[in-house]
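Chemist: structure, please.
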Amino acid sequence: MDIAYLSAEDISVVESKDKFVEIKEETRDALSSHITSTFQLHKDARTISGIEDEMLDSLRAYNGEYSPQDLARIAQEGGSKIFMNLTATKCRALQSWLKDILLGGENPFSITPTTVPELPEELVASIHKLVEEQFKVQQEVQGQQGPQGQQGPQGQPVMTLKEMREQEREMLDTIREEIKKEAEYSFKHIKNKIEDNFEEGNFYDALSDFIDDFSIFPTAVLKGPITTRKKQLKWEDGEAVIAEDYCFFNKRVSPLDVYPSPSASSVMDGDFIEHIRLSLNEVANLKGVAGYDDERIDKVLENPSSSFLSYSENIDSELADTEKKGTSTYKNEGVIHGLHFFGSIKKELLEEWGYECKKGDKEDVKEVEAILVGNEVIKVQVNDDPLLRRPYYSSSFQRRPGSFWGRSVPKIMDPEQRMCNATARSLANNMGLSSGPQVIVNVDRLADDGSISEIYPLKIWQVRNDPTGNSGAAIDFFSVPSSANELLAVYERFEAKSDESTGIPRYSYGSNQGQMGAAATSSGLAMLMESTTKSIKDAVRHIDKTLIVPRVRYEFYNVVLKDDDIKFTGDIKVVARGSQAIALKSAEFMKRKDFLQVTANQMDQELMGPEGRAALLRELAKDLGIPAEIVPSSGALRKKMEEAKQNQARTQEMEMSKEKSRAESSIQATTVQVEGQRQMNELAQQINMLKLELDKQKEANKVQLETAKIQLKQEQEARKIAKDLQIAQGQEIGHDKELAFKIQTGRPGI
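Modeler: This is a model prediction of the structure:
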């Protein structure tokens, strides 16, 4: 994979299967020789195991390319070289699925303190001793222990042994609750710091690249944290300033560049080596970084072409062609090659190199990290991690028990891919042959020298008589039968078989063409998708277990170790939620939703309180992709509750004031009403008196009227009598005008 830029006197060519190039041993010290020989051992074991060819075949299948051997066979047979790239479709479907789960908006991890914190034994013992002393003092003061409820000499109840143990448990539970609250508060800062380191350290981009490798290669590898200096653009007083700062960087490592121990089943087993490629700038920036030797870095920079240790022309050429970088020479232009070594080194080799071991250190072998560039070991650092962890994480789509290398999607579906390719080539060849007629021409009977390779409508063929006298046709046509239906049936059968072998069916990435049965309906398709996710969940669990969880724990350790602001008073451990919880996001959302509905009653709300209800709503908001800020935080909620209490108190005061005002107004109204009633009564009495007077006056007027009527009637009767008398005496009324006038007007007095 690597290319050498060495002079003839610095190298000796050794013929082998891969034709590797090696630097002369006399130019190396003992430590660099040890690393080089270890690398060559791991490289040979990887080549012999066949995993190297398997990785290249998987990469070719993903790119839709045949291997050189397959191309040679196809060329011998002739015909189509079509490649039906089902492998890339499956790999892209897996990549999209995993990225949606792991990078779909939420962090693929969660860190929390332990549910039940462990208390120090000294604290438990001191509390137990304190309670026992209180018990003994009480016994001495109040007498010997009696049954529960017995009275001591001073009339006080005696504490029983059972009550003493209950008191001790209550004290321990109270301490655990306080420790848990303190841990939760501290974890807010730790979690924010880890997320910030991951953002600045390119973790999520590296995880995306890791997922691509996970779907293509037998094993994918991610490296981090890598302590490096990073240039950042900052603004000071309105001006752009470039500043360098250390950060914990993460990157994807090509599986073709890692060389684990032949006996290893993980990156932690045996010696582990990575073939690294650096630019001149990157090597120069390592000067001054802790653990690096500046003098040896200067030697590398003086002769960068001597940085090569060993390489494989086959792999390097394959990668140059796959990555579209021309030849391996162009690909390695300006590249400094090196080996990043993690493993056990004897103490004398370290001291010979110049590493100073601590006085009194009796360990003969140490776990170290070393970087070899050319024949110069530019870095040696003893692994000071308590668990001797290495900054590498690997995972496989399908694991091989006991092996570092797993099985990739291209390898799993290789038989189906080959059968589909063979069927597609046969189909293309058959369609070409059966697309038009085949022509048989007896050239001896042609009458002219016209072209027999051209056929067009209305063409005239001039022929001679059959010399045999059989009058056979000089030109004959026939058609090659089409086998398209049979070949398509075979193709579809093996395409469906690839769904079963990989666990990634076509309908999982939107292709529902030709699906029958349950996949043809929406409800049936949902059930099939739920069943399909089991294989994806298994793959996600591999990533969760071998990458997400250990990487977060490693970062947690770095943050706690290097951040002086973090102080702990209790037991805190990392409990990574990992990606499995996100894979079950839909189910958890339904459970939370059901829980929200079940607890929507007064009794449960009193138990949960507003803060518990708010916490549940925040989780639901996260599931729905709604900003959690829509639900007030605990502090804001408490502030709002305090304000509500104050508002309620003010409201009560206002209500009391209103009640008092209403009472005073009621008294005043009652007084006014009584006074009004009194006045009304007086007025009524006056009215009644006036009414009586009016009635009396009315009655008097009535009497006067009746009297006047009687008098008038009497006068009328008198006048009538007088008139009758005058008529009777023969007197005319006209002789007495005054009397006539009085009679006509009816005036009294006559």
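Chemist: distance check, V382 against D361.
Modeler: Going from V382 to D361 by C-beta to C-beta, to the nearest Å gives 10 Å. Any C-beta I mention is one placed from the backbone N, CA and C, and that applies to glycine too.
Chemist: again with L102
Modeler: In terms of C-beta to C-beta, L102 sits 42 Å off from D361.
Chemist: one step back: with neighbour numbers in mind, choose between V382 and D361.
Modeler: Neighbour tally, V382 and D361, criterion other C-beta atoms under 10 Å: the higher count belongs to V382, 17 against 10.
Chemist: the more buried one against E363, yeah?
Modeler: No. Checked against C-beta atoms under 8 Å, the pair V382 and E363 is beyond contact range at 9.5 Å.
Chemist: next SSE downstream of the one helix or strand Q134 maps to?
Modeler: Assigning secondary structure by DSSP states H and E places Q134 in helix 121-142. The first helix or strand that comes after helix 121-142 along the chain, using DSSP H and E, is helix 161-200.
Chemist: for that next one, packing partners?
Modeler: Helix 161-200 sits against helix 121-142, strand 239-253, helix 549-562, with contacts defined as 3 or more C-beta pairs under 8 Å, 6 or more residues apart in numbering; DSSP states H and E.
Chemist: at 10 Å what do you get?
Modeler: Applying 3 or more C-beta pairs under 10 Å, 6 or more residues apart in numbering; DSSP states H and E, one finds that helix 161-200 contacts helix 121-142, helix 203-216, strand 220-236, strand 239-253, helix 549-562.
Chemist: quick one: distance of the third one to the chain centre.
Modeler: Taking the mean of its C-alpha atoms, strand 220-236 sits 23 Å from the chain's own mean (C-alpha atoms, centre = their mean, to the nearest Å).
Chemist: what is the mean pLDDT for that strand?
Modeler: Across strand 220-236, the average pLDDT comes to 81.
Chemist: dump that strand to PDB, keeping only the CA atoms.
Modeler: Provided in PDB are the C-alpha atoms of strand 220-236 (Å, rounded to 0.1, in the frame of the first residue of the first chain):
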ATOM      1  CA  ALA A 220     -14.100  -0.700  10.600                       C
ATOM      2  CA  VAL A 221     -11.700   1.200  12.800                       C
ATOM      3  CA  LEU A 222     -12.000   4.700  14.400                       C
ATOM      4  CA  LYS A 223      -9.100   6.400  16.200                       C
ATOM      5  CA  GLY A 224      -9.500   8.900  19.000                       C
ATOM      6  CA  PRO A 225      -8.700  10.900  21.000                       C
ATOM      7  CA  ILE A 226      -5.600  12.000  19.100                       C
ATOM      8  CA  THR A 227      -4.000  14.900  20.900                       C
ATOM      9  CA  THR A 228      -3.100  17.500  18.300                       C
ATOM     10  CA  ARG A 229      -2.800  21.200  17.800                       C
ATOM     11  CA  LYS A 230      -5.500  22.800  15.800                       C
ATOM     12  CA  LYS A 231      -5.600  26.300  14.300                       C
ATOM     13  CA  GLN A 232      -8.700  28.300  15.000                       C
ATOM     14  CA  LEU A 233      -9.900  31.700  13.800                       C
ATOM     15  CA  LYS A 234     -10.700  34.000  16.700                       C
ATOM     16  CA  TRP A 235     -11.800  37.600  16.800                       C
ATOM     17  CA  GLU A 236     -10.000  40.000  19.100                       C
END
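Chemist: buried stuff in it?
Modeler: For strand 220-236, the neighbour count (16 or more other C-beta atoms under 10 Å) marks A220, V221, L222, K223, G224, P225 as buried.
Chemist: show the model's pLDDT score for the closest residue in space to S261 that isn't next to it in sequence.
Modeler: In this structure, S261 finds its nearest non-sequential neighbour in G270, 2.7 Å apart by C-beta to C-beta, 6 or more residues apart in numbering. On the pLDDT scale, G270 is placed at 94.
Chemist: same deal with I536?
Modeler: Per-residue confidence at I536 stands at 78 (pLDDT).
Chemist: now do the SS call for S265.
Modeler: Here S265 is recorded as coil under DSSP: H, G, I helix; E, B strand; the rest coil.
Chemist: could we number from 38 for the rest of this?
Modeler: All set: I'll call the first residue 38, so the last point we hit is now S302.
Chemist: correct me, but it touches S433?
Modeler: No. Applying C-beta atoms under 10 Å, one finds S302 not in contact with S433, separated by 11.0 Å.
Chemist: name the residues contacting each of these two.
Modeler: S440, F441, W442 (C-beta atoms under 10 Å, 6 or more residues apart in numbering).
Chemist: quick check: the last one is in a strand.
Modeler: Right, the one you point to is W442. No. Read with three-state DSSP, W442 is coil and lies in no strand.
Chemist: run a quick neighbour tally on D246.
Modeler: Neighbour count for D246, taken as other C-beta under 10 Å: 17.
Chemist: okay but it is in contact with V290, surely?
Modeler: Yes. At 9.4 Å, D246 counts as touching V290 under the criterion of C-beta under 10 Å.
Chemist: can you pull the residues that touch both of these two?
Modeler: A257, L259.
Chemist: off-centre distance for stretch 368-377?
Modeler: Relative to its chain's centre, stretch 368-377 lies at 36 Å (C-alpha atoms, centre = their mean).
Chemist: average pLDDT across it?
Modeler: Mean per-residue pLDDT for stretch 368-377: 86.
Chemist: pLDDT wise, what is the nearest residue to L139 once chain neighbours are set aside at?
Modeler: Nearest in space to L139, with sequence neighbours left out and distances taken as C-beta to C-beta, 6+ apart, is P145 at 4.4 Å. Model confidence at P145, given as pLDDT, is 80.
Chemist: how would you label P145: helix, strand or coil?
Modeler: When classified by three-state DSSP, P145 comes out as coil.
Chemist: I figured it hits E232, correct?
Modeler: No. P145 lies out of contact with E232 (C-beta under 10 Å); the separation is 11.4 Å.
Chemist: which of the two has more neighbours?
Modeler: When P145 and E232 are compared for neighbours, P145 comes out ahead with 27 against 15, by other C-beta under 10 Å.
Chemist: for the more buried one, grab phi and psi.
Modeler: P145 has phi and psi values of phi -80, psi 20 when expressed as degrees, to the nearest 10.
Chemist: so how far is K383 from it?
Modeler: With distances taken as C-beta to C-beta, P145 is found 40 Å from K383.
Chemist: and L495, by the same measure?
Modeler: Separation of L495 from K383 (C-beta to C-beta): 91 Å.
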